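**Student:** Based on what follows, work out the 3D shape:
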Amino acid sequence: MDISEESKLSLENVKRLIHRNFSENPLAWWDRNKIEATLKIKEECKYEYVRYKPIQINMEDKKDMQMIIKEHINLGLIEPGISTYSSLGFLIKMESESKKFTAFSTPQGQYIWNVLPMGLANAPQIFQRKMDNLLKDYFEFMFVYIDDILIASKNIKEHIKHLEKISNACYKEGLVLSEKKATIAVNKIKFLGILIDETGIELQEHIVEKIRNFPDILKDKKHLQSFLGVVNFAGIFIKDLAKYKKDFRPLLKETESAKWKWEEIHTQRVRELKQVCNNLPKLAISQDEDELVVYTDANDYRWAVVLMKKTTTGEEPCRYTGG
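**Tutor:** Numbering: from 1, shown residues only. Next comes the predicted model:
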């Protein structure tokens, strides 16, 4: 990325602006917006107590746990508790009456969370809603997924303006940023398993490797669901994915009366998907001025769509989908 001296100076000023949002304590500036999470227990579950014994650990791990517990207490993320409930990552402060529902046990005692623990079933949705609400004015150039923020700009001058806007918004709302995880003003970045640069997006190698490492013969329904979960993650890169998945549908409907029955066609489909994932295309990134074309295909059993971008040499795929 070629940057002029003027832009370099502006970027350094913005970095200093962003730096005021850095902290290792997620509650550092909670007073700016005072957002709290409230947990509500279903009526039928109010008297169903969950009791877990403390996790058994060796002496070496016990020292590490003591250090982690002490660090979390010092940061105000947890506090000693006596709740009979048990459960178990965090960023939004817990409403006082809801803290008892987050208790967890350790050999050092029982503790409750002062912040929303991601182990709760609806915690990611709660956090996503809070982030969407706080940063909704910047969705034109920013993408947020739970606690990951991606800012995309056409050039360095525009990027500096975008960074300044997000920095000011985070400061105003009391959002804490991690200096260790921050990557600022680069032309290539890894984000949620995808590698993004100015020429397009591609799947990171560790995702492809995970698909390759599955055996050709899957042992049960849960094993198949795990495999398809990773494949679906790569779905936007795979043309006509539904064609490869259709033979797995009966296995996913397995019940007591319809037992697991793996056949040669299933092994063949796994191998085909692995082969396809070994040669995934790099997807183009479309701009506002680009001419886009949508191709569709469907029959009684499946449908497929591809979004293409017209170029001077033809067309390039932007994404695939289907079902």
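
**Student:** isn't Ala242 right next to Trp303, touching?
**Tutor:** Yes. With contacts counted by C-beta atoms under 8 Å, Ala242 reaches Trp303, the gap being 7.0 Å. Where C-beta positions appear, they are placed from N, C-alpha and C, glycine not excepted.

**Student:** more neighbours, these two?
**Tutor:** A direct count of neighbours by other C-beta atoms under 10 Å for Ala242 and Trp303 places Ala242 higher, at 17 against 13.

**Student:** Restricting to C-alpha, output the helix or strand where that one lies in CSV.
**Tutor:** Per DSSP states H and E: Ala242 is located in helix 241-245. Only the C-alpha atoms of helix 241-245 are listed here, as CSV (Å, rounded to 0.1, in the frame of the first residue of the first chain):
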residue,chain,number,x,y,z
LEU,A,241,-22.9,-27.4,-3.2
ALA,A,242,-26.5,-28.8,-2.9
LYS,A,243,-25.6,-31.3,-5.6
TYR,A,244,-23.0,-32.9,-3.3
LYS,A,245,-25.1,-32.7,-0.1
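
**Student:** re the thing from before, joint contacts of Ala242 and Trp303?
**Tutor:** Shared between the contact lists of Ala242 and Trp303 (criterion: C-beta atoms under 8 Å, 6 or more residues apart in numbering) are residues Gly322, Gly323.

**Student:** Stretch 279-297 - what's its average pLDDT?
**Tutor:** Across stretch 279-297, pLDDT averages out at 92.

**Student:** could we number from 23 for the rest of this?
**Tutor:** From this message on, residue numbering opens at 23, which makes the last subject stretch 301-319.

**Student:** So which bits of that stretch are buried?
**Tutor:** Leu302, Leu305, Ala306, Ile307, Ser308 (16 or more other C-beta atoms under 10 Å).

**Student:** Closest one of those residues to Arg341?
**Tutor:** Taking C-beta to C-beta as the measure, Leu305 is the one of the buried residues of stretch 301-319 closest to Arg341, at 6.0 Å.

**Student:** partners of that closest one in the sheet?
**Tutor:** Counting by DSSP bridges, Leu305 forms beta bridges with Ile223.

**Student:** mind checking which helix or strand of this structure has the lowest mean pLDDT?
**Tutor:** strand 100-102 (a mean of 51; mean pLDDT, DSSP states H and E).

**Student:** nearest residue to Val166 other than its sequence neighbours?
**Tutor:** Met153 (5.0 Å; C-beta to C-beta, 6 or more residues apart in numbering).

**Student:** Would you agree that neighbour falls within a strand?
**Tutor:** No. Going by DSSP: H, G, I helix; E, B strand; the rest coil, the assignment for Met153 is helix, not a strand.

**Student:** Next one, pLDDT for it please.
**Tutor:** For Met153, the predicted pLDDT is 84.

**Student:** now swap in Val292 and tell me
**Tutor:** So Val292 comes in at 97 (pLDDT).

**Student:** any low-confidence regions in the stretch 223-345 of the chain?
**Tutor:** The stretch 223-345 of the chain contains residues with pLDDT under 70 at 276-280.

**Student:** residue ranges for the helices of it, please.
**Tutor:** 227-234, 243-255, 263-267, 271-274, 286-299 (DSSP state H, counting those that start in this stretch).

**Student:** Distance to Glu180 for these - can I get that in CSV?
**Tutor:** What follows is the helices of the stretch 223-345 of the chain, written out as CSV (distance: least, C-beta to C-beta, whole Å):
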stretch, distance to Glu180
helix 227-234, 30
helix 243-255, 30
helix 263-267, 35
helix 271-274, 45
helix 286-299, 35
